[in-house]
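Q: Have a look at this prediction, sequence included:
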Amino acid sequence: MNHLQKFTSQVRNHLLVVLLANNAFMIGAGWYASTHNSLSINGVVIVMCVIGFVLTIGFAVLSTEYLTKPLRTIWQAIIHISPDTADQPAPNLASLSLGKDMVTNLVSHIYQLASVVDTVQQTAHYNKTDPQRDFVASNLPLPLAIMDKNDNIVFANLAFSTYVHQDADLQGKNFYSVIDLAFSNDRTFDRWLSDAKANKAVAAQTWERVRLNGIDNEDGRIPQFDLAAYYNQDNPDNLETMVVLFDHTMQYSQDDQAMSFLALAVHELRTPLTLLRGYIEVFEEELEGKMSAELDDYMKKMAVSAGQLSTFVNTILNVSRIENDQFNLHLRRESWQDTLKGVVNDLQLRATVRGIHIELDLPDSLPAVGVDRVSMYEVVSNLIDNAIKYSNGSARIIVKARETREGLIETTVQDFGVGIPASAITHIFDKFYRNHRNRAQIGGTGLGLYLAKAIVTAHGGQIWVNAHEGQGSTFGFTVLPYSQVASKSETSDNKADIVQSAHGWIKNHSLYRR
């Protein structure tokens, strides 16, 4: 017989005894009243009812106390182990008579479950608050670091310490003092983290082609990697920001070497290309009006192709200079109307060959700008050239310029071609990036917009794009008026050069809390 069956049998026997005793007392009381007192039948019935009522209440009170004692014992055991009622004493199991075996067994199980729960809670808390003892994190082959809300490192695995060439114990050190990051665009880690702390409770982000400054590997290569970060505001265990590094030094170094080799090879094209363009110009002048329409068309296409090749050569060389921090801008006072008109005139032939007309919309007057005319020529030329390539049969390109309320000079290049899908817009200014949907049909290097952004940013301006797939694109950028540029230099002489540099790698924030 199990404990529950035994307990049920005891309860049944107890209730049977109580009922029999109650009935026996009632019958005895009725017999006594009828034989020893001169009571009528109604009087005897009344006496029996009164005595039965009193006995029922008495037996009910006594039975309740007796039958609920096992339940009270179990309740006392649960209260005893509850963390909120630690002063409750343990139940005395030896005092039980009803259901003793069952209650003893249940209380034993309760104590065992409480012990298991306590162990699980302690283990979970231990693992959450002490990542140093986390086997997975400590032995992860990827460099991993975790920071608190002050950007101090609370955990860094051995792979991270080895990768950044630091001592194994980095705990307590500020993240920015340990690792000096450089990014290929202005979407840096510290800007993302500052925005996440200000505006988000949880955030995640990834970066490609991140460079680790100040460290060279044994083979002389600068470490380059992809970076993934996760942010969790006010984490209860003070583990607010996590970063993981995915090393791609070999792959990205090969890309850099390929770029350097390409720049060297392209450099050798400049001399023959210059001669070729010169001969084309001579032929156009000497043979003007003497060639048939077919030969004249061939000559125009040769001039267009030579111009495209020249643009390609300049783009490669300038990107290489930017990557090596050798690209300097000489800002001078220039007429923005003349600059734009010069670019449009030079590219109108290229557009005409494709059946496109470039419309130039300029106000009557614009303030002089402080720009490097050659570099800005490349920016505008690149945007118009892209508009021509992606026109998709449309016959118009609109180039506009205006002065903004902030006093900046804004220029936009609008086409009505294939547009840009939303998924590609966030990467459109990245180096080597090209939309996979049309890169097989339309040629390009994926460097033009990267170069344009680097040049515009070095001028102190901003560049952006508004586009919808199938509805065309509008690229815009701003430059500073010469008055603002000159105010930043030591002289306002209109003939003086103001030299600035375009950097291909944007350094991460280097200041940190002490």
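A: Arrived safely, thanks for sending.
Q: Neighbours of Pro141, how many?
A: 8 (other CB atoms under 10 Å). Just so you know, the C-beta spots here come from the backbone N, C-alpha and C atoms, and that holds for glycine as well.
Q: Please, which helix or strand holds it?
A: In this assignment (DSSP states H and E), Pro141 forms part of neither any helix nor any strand.
Q: how about it, what does it touch?
A: Applying CB atoms under 8 Å, 6 or more residues apart in numbering to Pro141 gives the contacts Ala159.
Q: could you point out the longest strand in this structure?
A: If you go by DSSP state E, the chain has its longest strand at strand 202-212.
Q: now the helix or strand following that one, how far from the chain's geometric center?
A: Going down the chain from strand 202-212, the next helix or strand is strand 224-232, by DSSP H and E. On the basis of CA atoms, centre = their mean, to the nearest Å, strand 224-232 is displaced by 8 Å from the centre of the chain it belongs to.
Q: Can you tell me the strand partners of strand 224-232 and which way each runs?
A: Applying DSSP bridges, strand 224-232 is found paired with strand 202-212 (antiparallel), strand 241-247 (antiparallel).
Q: Touching, Ala156 and Leu144? I think so.
A: Yes. Ala156 is within contact range of Leu144, at 7.1 Å (criterion: CB atoms under 8 Å).
Q: any low-confidence regions in the stretch 251-400 of the chain?
A: Where the stretch 251-400 of the chain drops to pLDDT under 70, the residues are 255-265, 267-268, 324-326.
Q: which residues of it fall in strands?
A: Per DSSP state E, counting those that start in this stretch, the stretch 251-400 of the chain carries strands over the ranges 327-334, 357-361, 369-371, 396-403.
Q: Tell me which residue is most central in this structure.
A: What sits nearest the mean C-alpha location of the chain, by CA atoms, centre = their mean, is Gln205, with 2.1 Å.
Q: shouldn't that one be in contact with Ala229?
A: Yes. The criterion here is CB under 8 Å, and Gln205 meets it with Ala229 at 5.4 Å.
Q: which neighbours do those two share?
A: Overlap of the contact sets of Gln205 and Ala229 (by CB under 8 Å, 6+ apart) consists of Phe189, Trp192.
Q: now for the strands of the stretch 251-400 of the chain, which one comes closest to Asp180?
A: strand 327-334 (21.8 Å; CB to CB).
Q: So which bits of that closest one are buried?
A: For strand 327-334, a neighbour-count test (16 or more other CB atoms under 10 Å) marks Phe327, Leu329, Leu331, Arg332, Arg333, Glu334 as buried.
Q: Now for these: which two are most distant?
A: The widest separation within the buried residues of strand 327-334 (CB to CB) is 21.1 Å, between Phe327 and Arg333.
Q: Nearest approach to Leu383 belongs to which of the strands of the stretch 251-400 of the chain?
A: In terms of CB to CB, the element of the strands of the stretch 251-400 of the chain nearest to Leu383 is strand 396-403, at 8.5 Å.
Q: between that closest one and strand 357-361, how many degrees?
A: For strand 396-403 against strand 357-361, the angle by axes from the mean of the first three to the mean of the last three CA atoms, to 10 degrees is 20 degrees.
Q: Please name every helix or strand in contact with whichever helix or strand comes after strand 396-403.
A: If you walk from strand 396-403 toward the C-terminus, the next helix or strand you reach (DSSP H and E) is strand 409-415. If you count contacts as 3 or more CB pairs under 8 Å, 6 or more residues apart in numbering; DSSP states H and E, strand 409-415 packs onto helix 336-353, helix 373-389, strand 396-403, strand 473-479.
Q: ok, longest helix in the chain?
A: helix 3-36 (DSSP state H).
Q: Lys389 is in contact with Ser473, correct?
A: No. Counting by CB under 8 Å, Ser473 sits too far from Lys389 to count as a contact (11.4 Å).
Q: Distance to Gly58 for the strands of the stretch 251-400 of the chain - can I get that in CSV?
A: Below are those laid out as CSV (distance: least, CB to CB, whole Å):
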stretch, distance to Gly58
strand 327-334, 104
strand 357-361, 106
strand 369-371, 107
strand 396-403, 101
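Q: who wins for proximity to Arg270 among those strands?
A: With CB to CB as the measure, strand 327-334 is the member of those nearest Arg270 (16.4 Å).
Q: which strands and helices sit next to that closest one?
A: strand 369-371, helix 373-389, helix 448-458, helix 482-487, strand 498-502.
Q: Nearest to Pro70, out of the ones you listed?
A: Of the helices and strands packed on strand 327-334, nearest to Pro70 by CB to CB is helix 448-458, at 79.3 Å.
Q: So what touches the closest one?
A: Counting by CB under 8 Å, 6+ apart, residues outside helix 448-458 touching it are 185-186, 315, 318-319, 322, 327, 329, 372, 375-376, 378-379, 382-383, 385-386, 428-433, 462-463, 477-479, 500-504.
Q: Parallel or antiparallel, list what pairs with whichever helix or strand comes after it.
A: Remark: after helix 448-458, the chain's next helix or strand is strand 463-467, criterion DSSP H and E. Strands that pair with strand 463-467, judged by DSSP bridges, come out as strand 473-479 (antiparallel).
Q: what angle do the strand it pairs with and strand 409-415 make?
A: 160 degrees.
Q: and the angle for strand 473-479 with helix 336-353?
A: 160 degrees.
Q: Can you pull out the low-pLDDT segments for the stretch 401-514 of the chain?
A: 434-445, 488-507, 509-514.
Q: Buried residues, stretch 230-238. List them.
A: Result for stretch 230-238 [16+ other CB under 10 Å]: buried residues Tyr230, Tyr231, Asn232, Asn235.
Q: Tabulate the residues you listed (JSON lines), appending pLDDT.
A: Formatted as JSON lines, the buried residues of stretch 230-238 follow (pLDDT from 0 to 100):
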{"residue": "Tyr230", "pLDDT": "95"}
{"residue": "Tyr231", "pLDDT": "95"}
{"residue": "Asn232", "pLDDT": "93"}
{"residue": "Asn235", "pLDDT": "84"}
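Q: Out of those residues, which is nearest to Leu16?
A: Nearest member of the buried residues of stretch 230-238 to Leu16, counting by CB to CB, is Asn235, at 62.9 Å.
Q: which SS class is the closest one?
A: The three-state label given to Asn235 by DSSP: H, G, I helix; E, B strand; the rest coil is coil.
Q: Tell me how far Ile51 lies from Ala60.
A: Ile51 sits 15 Å away from Ala60, going by CB to CB, to the nearest Å.
Q: Same check on Asn392?
A: For Asn392 relative to Ala60 (CB to CB), the value is 94 Å.
Q: which of these two has more neighbours?
A: Taking neighbours as other CB under 10 Å, Asn392 and Ala60 compare with Asn392 leading, 15 against 12.
Q: ok so, going back, among the helices and strands packed on strand 327-334, which is nearest Ile27?
A: Here helix 448-458 is closest among those (CB to CB), at 107.1 Å.
Q: Which residue ranges make up the domains of this protein?
A: Partitioning the chain according to automatic domain parsing yields domains covering residues 3-126, 133-247, 255-324, 327-504.
Q: For stretch 290-308, list every residue counted as buried.
A: Met299, Lys300, Met302, Ala303, Val304, Ala306, Gly307.
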